[in-house]
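> Here's a sequence, model it:
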Amino acid sequence: MSASDVAATKTDTGQAIPPSHKWPAATAAMLGMMTTIMASTMVNVAISDIMGAYGVGQDKVHWLQTGFLSATTVFMLLNAWFVNNLGIRRTFLLATVAFTAAGIFGQLVPSFEGVILARVVQGACAGALQPLSLAVIFAAFPVEERGKAMGLFGVGTMMGPALGPLYGGIIIDSLDWRYVFTASIPFMLIGAALAIKYLPKRFEEAPTSRFNWLSLALVVCAISCFLNGITIGQREGWDRVITKALLLGSALAAMAFIEVESRTRNPLLNVKLFTFRSFAVVTLVGFVFGVGMFGSFYLMPVFVRSVQGFTGTKAGVLLLYADLVTFAVFPIAGWLVHRVRPVYPVAGGMFLFGVSSAALSLVQSDTGFWFLVGWTAVGRVGLGLAIPALTAAALQDLDKSLLSFGAGTMTFIRMMGGAIGVNLLAIVLDNRTAHYSTMLSSTQTSLTGATGELVDQVQNVVGGGGLAEMQGQAYGMGYMSQVIEANAMVMAFQDGYLMLAIAFAVATVLALSLAHGRAEPRAGATA
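Just a heads-up that it's a prediction; the model follows:
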């Protein structure tokens, strides 16, 4: 063993990473993280294809993304247990095997429910893998070299959302939408090959920790009951017993989770963090940020494919162009964090995201490609400004004993915002499309005026092919129904973006409320 190997850095569980292994180890972890992010975003480009294949609406298809993000959220809380008890290498390889198996299952399974199950399993793997990147960087690199390593982490963070939709779109156009479940697996396998050689094993004599089954059951119950409750409430009515029972069950499970976590010695979520006003407010902003970030990742590809008829590749190119600006913004955002209070970049990012959403609430079925690229890019600038500053703003007033919990909790809240945000936006799309379709149909009560002219035009076109007058009129009315449905969908997307704009306006005000003074813990709270 060389002298450099003797100087290997160790994780908290005694897992050594020799200096000669640090870059390959970081690359392996980055590939795992990037692959799961790609898997999260590339499916959004296939949403319209999946809706057509299974005959489902937004009230069901959103579970492809909501299920993924919910599982990611929960398993992020379990990451520390996996690393402590299995080690970094085994955790990575176990997640790789499960991710690959779920991808193959999702590609082959014939039922819609099976596809959702595959997405949930892949989301769980994402929750186990994504925090590993930072753990490996902090274990492998001394303080003076972590900046360079964080650059690699940033590349993975940016490349996943940028390349996922484009890669997915090309796969859809070249092969079939089912291949999006396995398209990212080769990147994961490259990471696994590096992990086998360069990620550290767990020292068998290192202490283990007990699995907190009660906390896990409560957090799963709280999230799943809430998401199902608002979905069923929209579809079947808010006064239904099942709706009320699910929402009440979610509230009770959440309260029980907080109570259990406040008493356990090894909590999944340290509730003492929320005794600091600054942390509580920033996590609320982070929740809205998650709603907007993942909501925008979901809305735009669905809009351009369902309404504007984009191919998968064209939708991916649009999102790639918009995402390119984040490569320039991230270094600037990192520079700003060290020179101004983090709340200012956070507020600026929220404001830009809100402006972007407000502009996109004006979209029409014929809105130009570059209008969509430009205003989506403005939102991505806001994203780039806010991401580095959010964690810094959340941690700035915490006691040292709580710092290790703060970043993970912030990520958990942001991911939970993403899961709930996609769920809510899908409900808005489904509900408002039905509302506007009924409203527009009620205005077309006779075959006179513009309606009659349109039906006559279609009738004349199809009549040239020898169809009878009644058949031609039926074709004309069918075409009118399609026009009404298309316009109803456009108006629903406008409402979705307007909802995001309002949420970001509130988040901007909340962020600015922290601009002055140190936020001490609430009276009577203990850290």
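> Please count neighbours and contacts with C-alpha atoms only from this point.
Fine.
> wait, what's in contact with the residue nearest the centre of the chain?
Most central in the chain under CA atoms, centre = their mean is Phe294, positioned 3.9 Å from the mean C-alpha point. Applying CA atoms under 8 Å, 6 or more residues apart in numbering to Phe294 gives the contacts 418-419, 421-422.
> Model confidence at it, what's the number?
Looking at Phe294, its pLDDT is 88.
> Quickly note the distance from it to Asn423.
10 Å (CA to CA, to the nearest Å).
> And for Met158?
24 Å.
> between these two, who's got more neighbours?
Higher neighbour count among Met158 and Asn423: Asn423, with 26 against 18, using other CA atoms under 10 Å.
> residue contacts, the more buried one?
Here Asn423 is in contact with 62-63, 66, 227, 231 (criterion: CA under 8 Å, 6+ apart).
> Equivalent analysis for Leu218, please.
If you count contacts by CA under 8 Å, 6+ apart, then Leu218 has 253-254, 256-257 around it.
> how about a cut-off of 10 Å?
The contact partners of Leu218, taken as CA atoms under 10 Å, 6 or more residues apart in numbering, are 224, 250, 252-258, 260.
> Tabulate the CA atom coordinates of the host helix or strand of it in PDB.
Using DSSP states H and E, Leu218 sits in helix 213-236. The C-alpha coordinates for helix 213-236 follow below in PDB (Å, rounded to 0.1, in the frame of the first residue of the first chain):
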ATOM      1  CA  TRP A 213     -39.800   1.500  10.100                       C
ATOM      2  CA  LEU A 214     -42.400   3.600  12.000                       C
ATOM      3  CA  SER A 215     -41.100   6.900  10.600                       C
ATOM      4  CA  LEU A 216     -40.900   5.400   7.100                       C
ATOM      5  CA  ALA A 217     -44.500   4.100   7.300                       C
ATOM      6  CA  LEU A 218     -45.800   7.500   8.500                       C
ATOM      7  CA  VAL A 219     -44.100   9.600   5.900                       C
ATOM      8  CA  VAL A 220     -45.200   7.200   3.100                       C
ATOM      9  CA  CYS A 221     -48.700   7.300   4.400                       C
ATOM     10  CA  ALA A 222     -48.800  11.100   4.700                       C
ATOM     11  CA  ILE A 223     -47.500  11.700   1.200                       C
ATOM     12  CA  SER A 224     -49.500   9.000  -0.600                       C
ATOM     13  CA  CYS A 225     -52.700   9.800   1.200                       C
ATOM     14  CA  PHE A 226     -52.400  13.500   0.300                       C
ATOM     15  CA  LEU A 227     -51.600  12.900  -3.300                       C
ATOM     16  CA  ASN A 228     -54.400  10.400  -3.800                       C
ATOM     17  CA  GLY A 229     -56.800  12.600  -1.800                       C
ATOM     18  CA  ILE A 230     -56.400  15.600  -4.000                       C
ATOM     19  CA  THR A 231     -56.500  13.500  -7.200                       C
ATOM     20  CA  ILE A 232     -59.700  11.700  -6.200                       C
ATOM     21  CA  GLY A 233     -61.200  14.900  -4.800                       C
ATOM     22  CA  GLN A 234     -60.800  16.600  -8.200                       C
ATOM     23  CA  ARG A 235     -62.100  13.600 -10.100                       C
ATOM     24  CA  GLU A 236     -65.000  12.400  -7.900                       C
END
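> Please enumerate the strands of the stretch 301-450 of the chain.
Secondary structure of the stretch 301-450 of the chain by DSSP state E, counting those that start in this stretch: no strands are present.
> For it, give me the ranges with low pLDDT.
Scanning the stretch 301-450 of the chain with the threshold set as pLDDT under 70 gives 401, 403-404, 443-450.
> Report the mean per-residue pLDDT for stretch 56-65.
88.
> Can I get the contacts of Phe294 in a markdown table including distance to Ala394?
As requested, those are exported to a markdown table (distance: CA to CA, whole Å):
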| residue | distance to Ala394 |
| --- | --- |
| Gly418 | 18 |
| Ala419 | 21 |
| Gly421 | 21 |
| Val422 | 24 |
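> List the contacts of Ala39.
68, 99, 103, 119, 122-123, 126, 160-161, 164-165, 168, 180-185 are the contacts of Ala39 under CA under 10 Å, 6+ apart.
> Quick check on Gln364: phi, psi?
When read as degrees, to the nearest 10, the backbone of Gln364 gives phi -130, psi 170.
> mind checking how far Cys225 is from Leu248?
Taken as CA to CA, the span from Cys225 to Leu248 is 8 Å.
> ok so, going back, after the helix holding Leu218, next one along is what?
Next along from helix 213-236, by DSSP H and E: helix 241-263.
> who does that following helix touch, helix- and strand-wise?
Secondary-structure packing of helix 241-263 (3 or more CA pairs under 10 Å, 6 or more residues apart in numbering; DSSP states H and E): helix 213-236.
> Next, the angle helix 241-263 makes with the helix it packs on.
If you take axes from the mean of the first three to the mean of the last three CA atoms, to 10 degrees, helix 213-236 sits at 150 degrees to helix 241-263.
> List the buried residues of stretch 271-278.
Within stretch 271-278, the residues that count as buried by 16 or more other CA atoms under 10 Å are 271, 273-278.
> Met499 contacts Ser296, correct?
No: the pair Met499 and Ser296 does not pass the contact test of CA atoms under 10 Å, sitting 11.5 Å apart.
> of these two, who's got more company?
Taking neighbours as other CA under 10 Å, Met499 and Ser296 compare with Ser296 leading, 24 against 18.
> need the contacts of Asn423 in TSV with neighbour count, can you?
Output for the contacts of Asn423, formatted as TSV (neighbours: other CA atoms under 10 Å):
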residue	neighbour count
His62	25
Trp63	24
Thr66	27
Leu227	22
Thr231	21
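> Which of these sits closest to Ala386?
Nearest to Ala386, judged by CA to CA, of the contacts of Asn423 is Thr66 at 22.8 Å.
> Just give the number of residues close to Ala128.
If you count neighbours by other CA under 10 Å, Ala128 ends up with 29.
> mean confidence score for the helix or strand that contains it?
According to DSSP H and E, Ala128 maps onto helix 112-140. The predicted model gives helix 112-140 an average pLDDT of 87.
> Just the buried residues of that helix, please?
Neighbour-count burial for helix 112-140, counted by 16+ other CA under 10 Å, picks out 112, 114-140.
> repeat for stretch 432-442
432-433, 436-437, 440.
> pLDDT score assigned to Gly524?
With respect to pLDDT, Gly524 has a value of 44.
> ok, Gly496 - contacts?
Applying CA under 10 Å, 6+ apart, we find Gly496 in contact with 295-296, 299, 357-358, 360-361, 424-429, 432, 490.
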